[in-house]
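In: A predicted structure for the sequence below; I have some questions about it.
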Amino acid sequence: MMIDLSLAPLLQRVLKDAGFSFDSVRRVLGAGPGGLVDLSSGPLAMHRTRGEGTLEVLVRLLVLGAGVSAEMVERALGRELTSAGLKGGLLERSEGGEILSRLAGVPYGDMVVLADFSRRPLGPVEPARDHVMGIGRSTLVPTRLLEGAMKRQAGARLHTALDLGCGCGFLALWAGAWCDRVIGTDINPRAIELARFNALLNGRANVEIRQGSLTEPVHGETFDLIVSNPPFVISPESAIVYRDGAAQLSHVGVRRRGDEFCERVVRDASRLLGEGGVLVTTLNWSEIGDVNSGNWQGRLGGWAPEDCQAWVIRTDSQPVDAYAAMWIRHTMAGEPGWSEARYFERFDAWMRHYEMLGVERIAYGQMIVRRKSPAFTMFEDIDGRWIEGGAIDVVRALDGRENAAGLREPACWDDAAAWLAEKWKFASGTQVQEVSEIGRAGSVAVCMAGRPVCGPMHTELWRVLAGLTGRTSLGRTIEDGLAIGGIGGERKDEIAKLLWGLVREGALVRAAT
């Protein structure tokens, strides 16, 4: 299926005139917990779009994927777009004479992107091998991690960005709002087609889409920002391009742990970073042993170049049986002839694959790489809800980890000696919250975007740290605070640990001289 690119300006005008947006679609369908709309309840969604208003018809047609009478479609889209859409790959007629959209219209923020339907009112849709996914939770992770840094640019745009494995092009379009020039690459011809359409639909003239495997289409170029939500699922299959990294393992070589495609993404993308450039990618990786074994750290630590800063965040780790059960059911449910017997057969094949690889668990997370000195590698477990809620600012976090990289943990007062002559202050957006836990009366925690980054600490120590406004040196401020509070010097090591945590998380930054 090809889509006529000339349809983009026609559809853009219709959607704009109808007020078709993320917020308006949520109003029509009703938002559930966390602000998300539950599209799995077909009857409920169909009932809420039963009216004949233009917005309701568009939601039923583009979001739900339901059939709509030709008369109502013409009234909503206009005769020109309806006729052109039927000829140009956007619309089709059902056997009953209703009109269906071949593609889902997915609104988010100030954008609308077209992608393949993952479900229609009667249930999930079988994903074809070249299925182009819309905007999922993993797609949004790079935007959540980078939004703070982009907003701090305050009009100073980045020059170049790359969306590696761009799919429908959402991340490339998002980067296009912050960067002068963006390139999206993908091996899937249908993804290339839809990404180019979506760039036109959203007026992103600075976004270029190229077809090819991994970094081949941008060989020799460098970028200030690289984002990637690659096919990270570790499986024995290569059936679905957007899901299975194994679909491209011919470019990687022999399988050792099943996560070689993710490794290749990090290695190849990192080489394209310009000085100070940042890579943010979503990954799955294989683990041996229990969740606290740490065996994975040595392997992942070698994925990024030695002259770069690397930060690996693990948000979850699942036993391979739970991982297989979830992914198989997720992608099998829409297949014709689906049955529990077929489910068991495929599950057994996945488990034999993991046994062959010697893999016991599979982890979810992100790897952030920055080409900057001094180089370091850090590993952390972080609740994914903080990332999805926008509480982690990766550039600020990398700056903080760079400042703290030379100090051991837990820090003592002597370790902080290098900072004592410098002036430090609290970063913008830092908050202080009272801790109400039992046994923590009179304590506070320092937070960034609602996430505690240091504490809880007794208020008497907070009064010492609160003096860090950048006007005097760290050493002088601490000494004065201890004297005013009548606090003995024996608590300096405790203060040093708090300082180390605040610096590491980017809550304390060097004041401009």
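Out: Structure received.

In: For Ala511, the count of nearby residues, please.
Out: 17 (other CB atoms under 10 Å). C-beta: built from backbone N, CA, C; applies to glycine.

In: OK, contacts around it?
Out: Shown in contact with Ala511 (CB atoms under 8 Å, 6 or more residues apart in numbering): 423-425, 470-471.

In: Dump those residues into JSON lines; add neighbour count and pLDDT as well.
Out: Shown next, in JSON lines, are the contacts of Ala511 (neighbours: other CB atoms under 10 Å; pLDDT from 0 to 100):
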{"residue": "Lys423", "neighbour count": "18", "pLDDT": "94"}
{"residue": "Trp424", "neighbour count": "23", "pLDDT": "95"}
{"residue": "Lys425", "neighbour count": "17", "pLDDT": "95"}
{"residue": "Gly470", "neighbour count": "18", "pLDDT": "94"}
{"residue": "Arg471", "neighbour count": "11", "pLDDT": "94"}
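
In: Pick out whichever of the residues you listed sits closest to Gly97.
Out: Closest approach between the contacts of Ala511 and Gly97, by CB to CB: Lys425, at 68.0 Å.

In: which SSE is the closest one in?
Out: Here Lys425, judged by DSSP states H and E, is contained in strand 423-426.

In: got a list of contacts for that strand?
Out: 468-474, 502-503, 507-511, 513.

In: still on that earlier bit, mind putting the contacts of Ala511 in a markdown table, distance to Gly276 included?
Out: Shown next, in a markdown table, are the contacts of Ala511 (distance: CB to CB, whole Å):
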| residue | distance to Gly276 |
| --- | --- |
| Lys423 | 24 |
| Trp424 | 23 |
| Lys425 | 23 |
| Gly470 | 24 |
| Arg471 | 29 |
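
In: now this structure, which segments are flagged as low pLDDT?
Out: Within the chain, the stretches with pLDDT under 70 are 1, 31-41, 122, 154-155, 246-255, 332-337, 409-410, 437-441, 513.

In: So which other helices or strands are in contact with the helix or strand that Trp350 is a member of?
Out: In this assignment (DSSP H and E), Trp350 forms part of helix 340-357. Using 3 or more CB pairs under 8 Å, 6 or more residues apart in numbering; DSSP states H and E as the contact definition, the elements that helix 340-357 packs against are helix 320-332.

In: for Ile387, what are its contacts?
Out: 141, 144-145, 313, 315, 366.

In: Now do stretch 72-82: distance from first to last residue.
Out: This stretch, stretch 72-82, spans 10 Å end to end (CA to CA, to the nearest Å).

In: Equivalent analysis for stretch 287-296, please.
Out: 6 Å.

In: mind checking how far the spatially closest residue to Glu505 that is not a sequence neighbour is from Asp393?
Out: Of all residues not flanking Glu505 in the chain, Val453 sits nearest, at 3.7 Å (CB to CB, 6 or more residues apart in numbering). From Val453 across to Asp393, the span is 11 Å (CB to CB, to the nearest Å).

In: So for the two, which residue has more residues nearby?
Out: A direct count of neighbours by other CB under 10 Å for Val453 and Asp393 places Asp393 higher, at 25 against 22.

In: How many residues are close by the residue lying closest to the more buried one once chain neighbours are set aside?
Out: Nearest residue to Asp393, sequence neighbours excluded (CB to CB, 6+ apart): Gly148, at 3.5 Å. Using other CB under 10 Å, Gly148 is surrounded by 20 other residues.

In: can you tell me how far Gly148 sits from Glu71?
Out: Going from Gly148 to Glu71 by CB to CB gives 48 Å.

In: What of Arg264?
Out: Arg264 is 52 Å from Glu71, by CB to CB.

In: Neighbour count for those two, which is higher?
Out: Legend: neighbour count by other CB under 10 Å for Arg264 and Glu71, higher for Arg264 (21 against 10).

In: so that one makes contact with Ser213?
Out: No. Between Arg264 and Ser213 there is no contact under CB atoms under 8 Å: 9.9 Å.

In: May I have the residues that are in contact with Arg504?
Out: Contact analysis of Arg504 by CB under 8 Å, 6+ apart lists 400-401, 403-404.

In: among those, which are in helices?
Out: Among the contacts of Arg504, the ones falling in helices (DSSP state H) are 400-401, 403-404.

In: still on that earlier bit, just flag the most distant two among the contacts of Arg504.
Out: Farthest pair in these (CB to CB) is Arg401 and Asn403. Separation: 7.3 Å.

In: Spatially central residue in this protein, please.
Out: Nearest to the mean C-alpha position of the chain, by CA atoms, centre = their mean, lies Val141 at 1.4 Å.

In: Could the C-alpha coordinates of whichever strand or helix holds the residue nearest to Glu505 be exported in PDB?
Out: Under the criterion of DSSP H and E, Val453 resides in strand 451-458. Only the C-alpha atoms of strand 451-458 are listed here, as PDB (Å, rounded to 0.1, in the frame of the first residue of the first chain):
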ATOM      1  CA  ARG A 451      11.400  13.200  42.400                       C
ATOM      2  CA  PRO A 452      13.400  13.000  45.600                       C
ATOM      3  CA  VAL A 453      17.100  13.300  44.800                       C
ATOM      4  CA  CYS A 454      18.500  13.800  48.200                       C
ATOM      5  CA  GLY A 455      17.200  13.200  51.700                       C
ATOM      6  CA  PRO A 456      15.400  12.800  53.900                       C
ATOM      7  CA  MET A 457      17.600  15.000  56.100                       C
ATOM      8  CA  HIS A 458      16.900  16.700  59.400                       C
END
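
In: residue ranges for the helices of the stretch 51-200 of the chain, please.
Out: Using DSSP state H, counting those that start in this stretch, the helices found in the stretch 51-200 of the chain span residues 54-58, 70-77, 79-88, 137-152, 170-176, 189-201.
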